[in-house]
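Q: Need coordinates for the following:
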Amino acid sequence: MRRLSADIAPAKDLEVKILQFGEGNFLRAFVDYMLDIANENGLFRGSVTITKPIEYGTLERFHAQDCRYTVLLRGIENGRQVEFSRLITCVHDAVDCYTEYGKYAAYAGLESLRFIVSNTTEAGIVLDEEDRPEYTPPHSYPGKLTKFLYERAEAFNYDLSKGLIILPVELIDDNGVVLRQCVYTLARRWKLGDRFIDWLDKACVFASTLVDRIVTGYPKDDAEAIWQKLGYEDKLLDTAEPFGLWVIESQTDIQKELPLDACGLPVIFTDDQKPYKQRKVRILNGAHTSFVPAAYLCGHNTVRQAMEDPKIKQFILDTLHREVIPTLTLPKADLEAFASAVISRFENPFIRHQLLSISLNSVSKWRARCMPSFLAYIEQTGSPPAHLTFSLASLMALYQGYAVRDGALICERDGIPYRILDDEAVLRFFLEITPLSAQEQAVLFLQNETFWGQNLSAIPGLAQTVSHALEDIKQNGMKQALSERFSGNAEI
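A: From the prediction side, this is the model:
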C-alpha cells in the first residue's frame, strides 16, 4: 500500500500565513482541519508551517508524508452514527526550531506571515526565570515567542503593518492575556527597548480563545483497517469527534482576516468569551462531574456505558435542563442545543472515557463546575436543586475509603478496590470521616470552607438532605437510591 504523500494529495502553492507552535493531534484535528476547509472555500488562501516547541521528538513522519495527513471524525450526530474523513493539505512544512534554528528564525522576516497559533499544554505558558534571549531558541514558549516577535519587529523596522495575531489554544483561563503578560515581562527583563514594547502594543493582537473538541489521536488498534478504506497508508492519521467549537475573544476585529465562520465552521468571534466559557464549564464539565460518582457506583466504567443506563441518562438530562440551563445567561435555545450536543458526545462509541479518570480531583471540580449552578438555583428558587444535591452525596459515597496508599484513597465497589486521586488533604479528610455517621460526615463535608470557600452547611436543610441520601446509598446501594429518588422524576 502506498504511503500518503504529495503525489496522492497535491495542493495549491499558498503563501505561509501561520506559524504553528505544536505538531500534536489537537492542533492538527482542530485548527489545521478548519484552515483546510477555509482554503477549499477560497476564503483563507494561506498555509501553515509547523514548528516543534520542545526539544525531544522528531518530525520525520511529517517529512515522509510531505506534511499530508488525514483527519477522521467519528461520533453521533442527530442520533445517528457518523464517520467522515478529510485529507489535510494546508500544512506547508514542519521545522524543528532546535535543530533547524536558522530556517525557523527566518520566518520572522516572512512578508506573508500574519498569525501564530500555539498549543504547548497548560504548562507551556509560564515564565522561565532562567530563559535568555541569546538562546537559539529560548527554552520556554513565551521566550521563543518574545524573541521571534522582536526579530520580526527588527526585520521590518517596526512597521506597524507587520505585527502578528497570536492565537493560543492552551487550556488556561484568558490564555491570550496570560501569554501577553509573559511576553511583556520578558521584553522588559531582556531590555528589548521601549520601541519594541510600543510595537507590541500597536501592531500585535493577543487573542484569548476557548476550544472544545475531543481528539483521540492515532487509532493504533484499527489504523490498518482505516488505511484499507482510505486506500493509502497514513502514519499521521488523526481521529476526533465531530463536535467542535472555537471561541476567539479580541478587542480588535480579526474576523475578516480569519473568516472561518463564513464557511460554516463552529467559530465564534466575540469581545467577551465568558458566557461561552460558563456554558462549557457548567453544562459539559458540570454534567461530567455531577453524574460520574453515581454512574461508577452503579457499576459502570466508561461514559458510554453510563449513557446506556436509562436512569443515569435521565439523571443527566434532568440535571442540565432543570437545574443548570435555567441559571445561565445565553439564550435558552442556544443552551439547549449545546446540551443536546453534549449528550451526543457522551454517547460517542469511538470514545472510551473512563469514569475514574474524570473523577480526578472531584472536590475542586464540583466547586468550579457545579457549585455556581447549585447556588444560582437556590438564589432563584429558595431551595437546593434535587439532582445537584444528590450528586454531592454521590461524591461523598465515591470517596468512602479505608486507606491512603501511593497518593490515592483506596475504596471498594462490590468488594473490589478502586483508587481515588485528589489532593492529599482531601484524601486524608475522607479517610478520617468515613467511619463516622452519614449525618456527621455531611456536616463536616459541607462546612469545610477550604473545599467550598464558604460554609454550605448553613443552607437550610442541606446537611440533612445530603446525609439522608448518603445513608441510603451506603445501606441500599446506588442503583436503588437513585431509582427511589428520581423514578418518575420525583424530587429528593
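Q: quick one, strands of the stretch 351-492 of the chain?
A: For the stretch 351-492 of the chain, strands defined by DSSP state E, counting those that start in this stretch occupy the ranges 401-405, 408-413, 416-421.
Q: Tell me which of those strands sits nearest to Gly109.
A: strand 416-421 (47.6 Å; C-beta to C-beta). From N, CA and C alone the C-beta is placed, and that goes for glycine too.
Q: quick one: the closest one to strand 408-413, angle?
A: In terms of direction (axes from the mean of the first three to the mean of the last three C-alpha atoms, to 10 degrees), strand 416-421 departs from strand 408-413 by 140 degrees.
Q: and Thr136, backbone torsions?
A: Taking degrees, to the nearest 10, you get phi -130, psi 80 for the backbone angles of Thr136.
Q: So it is in contact with Glu100, correct?
A: No: in this structure, Thr136 is not within contact of Glu100 by C-beta atoms under 8 Å, at 10.7 Å.
Q: between the two, who's got more neighbours?
A: Applying other C-beta atoms under 10 Å to Thr136 and Glu100 shows that Glu100 carries more neighbours, namely 16 against 12.
Q: give the contact list for the more buried one.
A: The contact partners of Glu100, taken as C-beta atoms under 8 Å, 6 or more residues apart in numbering, number zero.
Q: so where is the stretch 351-492 of the chain shaky, pLDDT-wise?
A: 488-492 (pLDDT under 70).
Q: Tell me how many other residues surround Asp96.
A: 17.
Q: list the contacts for the closest residue in space to it that isn't next to it in sequence?
A: Leaving aside its sequence neighbours, Asp96 sits nearest to Lys52 (C-beta to C-beta, 6 or more residues apart in numbering; 5.2 Å). Going by C-beta under 8 Å, 6+ apart, Lys52 touches 22-23, 59, 94-98.
Q: Roughly how far does Lys52 sit from Phe148?
A: 14 Å (C-beta to C-beta, to the nearest Å).
Q: Just the element for Asp128, please.
A: Following DSSP states H and E, one finds Asp128 outside all helices and strands.
Q: Just name the most buried of the strands of the stretch 351-492 of the chain.
A: strand 408-413 (a mean of 17; mean count of other C-beta atoms under 10 Å).
Q: sorry, back to before: narrow the contacts of Lys52 to just the buried residues.
A: Buried subset of these (neighbour count, 16 or more other C-beta atoms under 10 Å): 22-23, 59, 94-97.
Q: Take those and keep only those in strands.
A: Judged by DSSP state E, the subset of the buried ones among the contacts of Lys52 located in strands is 94-96.
Q: For the helix or strand containing Asn39, name the packing helices and strands.
A: Using DSSP H and E, Asn39 falls within helix 31-40. Here helix 31-40 touches strand 16-21, strand 47-52, strand 80-88, going by 3 or more C-beta pairs under 8 Å, 6 or more residues apart in numbering; DSSP states H and E.
Q: Contacts for that helix, please.
A: 12, 14, 18, 20, 44-48, 71, 86, 88-91, 117, 169, 244, 246, 259-260, 262-263, 265, 267.
Q: Spit out the contact partners of the nearest residue to Arg367 once chain neighbours are set aside.
A: Distances taken as C-beta to C-beta, 6+ apart put Trp452 closest to Arg367, at 5.9 Å, once the chain neighbours are dropped. Trp452 sits next to 367, 371, 446 when contact means C-beta under 8 Å, 6+ apart.
Q: Hmm, the last one is touching Ala463, no?
A: Yes: in this structure, Leu446 sits in contact with Ala463. The criterion is C-beta under 8 Å, and the distance is 5.5 Å.
Q: Burial check on the nearest residue to Pro10 once chain neighbours are set aside, number of neighbours?
A: Distance criterion C-beta to C-beta, 6+ apart; nearest residue to Pro10, sequence neighbours excluded, is Thr89 at 7.7 Å. The number of residues packed near Thr89 is 21, by other C-beta under 10 Å.
Q: No more questions from me, cheers.
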